[in-house]
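Student: Have a look at this fold, sequence not included:
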C-alpha cells in the first residue's frame, strides 16, 4: 500500500514517532507542523489521508480543516487531539474520526486502513451527510499509563481525567 499521509501536529515528538510508525507500515508521509503549512503541503502534493491535530499555531486546525475539506471533500480525515468535547464539532467538520491522545496506534492503523479502502460511494455520502459514519475514539490512557508506570514514576495520577481540564492527564 503506497498511500500518502499528510501528518499535521505541532509537537515534534509526535510527528517524528508517528511518521516512523507510518513509514514502517509502508505509507509515504508528508509532515506539517501548523495549519498553514498543512494547506501549503496539500496544495503541493496529492495526499490520500489527513491525520491532524487541531490545536495548531499560525493557522489553527479547525480553520485549516475547513479549507482542506472544501478543496478536497473526499479526503479521509482523522483528527488526533488531547482535548475532550470536540466530537460534535469534528463530526460537523466532515472529519471521519476523532481520536483522543494518547493514541492507540494499532487501532489508528486499522482505522486508517479502513478509510483508505472504503468504497467511493461511502466517501461520497460523507459529503452530503456530515457526521455519517463518524467515529469518536475516546482517550483510554490506561494501557499507556501502565507501561509508563513500569518504567517511570510520574507526579500525577495516570488513567484518570482531570476534573478541571479538558484533556487527558
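Tutor: Looks like it came in fine. Computed from a prediction, not measured in an experiment: that's the story for all the values here.
Student: Quick check: which element contains residue 51?
Tutor: When secondary structure is defined by DSSP states H and E, residue 51 falls within strand 49-52.
Student: ditto for residue 75
Tutor: When elements are defined using DSSP H and E, residue 75 is found to belong to no helix and no strand.
Student: how many neighbours does it have?
Tutor: When neighbours are counted by other Cβ atoms under 10 Å, residue 75 registers 21. Every C-beta, even on glycine, is put in place using the N, C-alpha and C of the backbone.
Student: What of residue 27?
Tutor: Residue 27 is flanked by 22 other residues according to other Cβ under 10 Å.
Student: Would you check how far apart it and residue 135 are?
Tutor: 20 Å (Cβ to Cβ, to the nearest Å).
Student: which of the residues in stretch 87-95 are buried?
Tutor: 87, 90-91, 93-95 (16 or more other Cβ atoms under 10 Å).
Student: typo on my end, it should be stretch 8-16
Tutor: Buried positions in stretch 8-16, judged by neighbour count with 16+ other Cβ under 10 Å: 8-10, 14-15.
Student: now swap in stretch 46-66 and tell me
Tutor: For stretch 46-66, a neighbour-count test (16+ other Cβ under 10 Å) marks 47-54, 56, 60-62, 64-65 as buried.
Student: still on that earlier bit, among the buried residues of stretch 87-95, which two are most distant?
Tutor: Comparing all pairs in the buried residues of stretch 87-95 by Cβ to Cβ, the longest separation belongs to 87 and 94, at 13.3 Å.
Student: Can you tell me the strand partners of the strand holding residue 51 and which way each runs?
Tutor: Strands that pair with strand 49-52, judged by DSSP bridges, come out as strand 4-8 (parallel), strand 77-81 (parallel).
Student: so can I have CSV of these showing distance to residue 35?
Tutor: What follows is these, written out as CSV (distance: least, Cβ to Cβ, whole Å):
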stretch, distance to residue 35
strand 4-8, 7
strand 77-81, 12
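Student: looking at those strands, which has the lowest confidence?
Tutor: Per-segment mean pLDDT for the strands paired with strand 49-52 reaches its minimum on strand 77-81, at a mean of 92.
Student: Show the secondary-structure elements that the helix or strand following that one is packed against.
Tutor: Scanning forward in sequence from strand 77-81 by DSSP H and E, the next helix or strand is helix 87-92. If you count contacts as 3 or more Cβ pairs under 8 Å, 6 or more residues apart in numbering; DSSP states H and E, helix 87-92 packs onto strand 97-100, strand 135-137.
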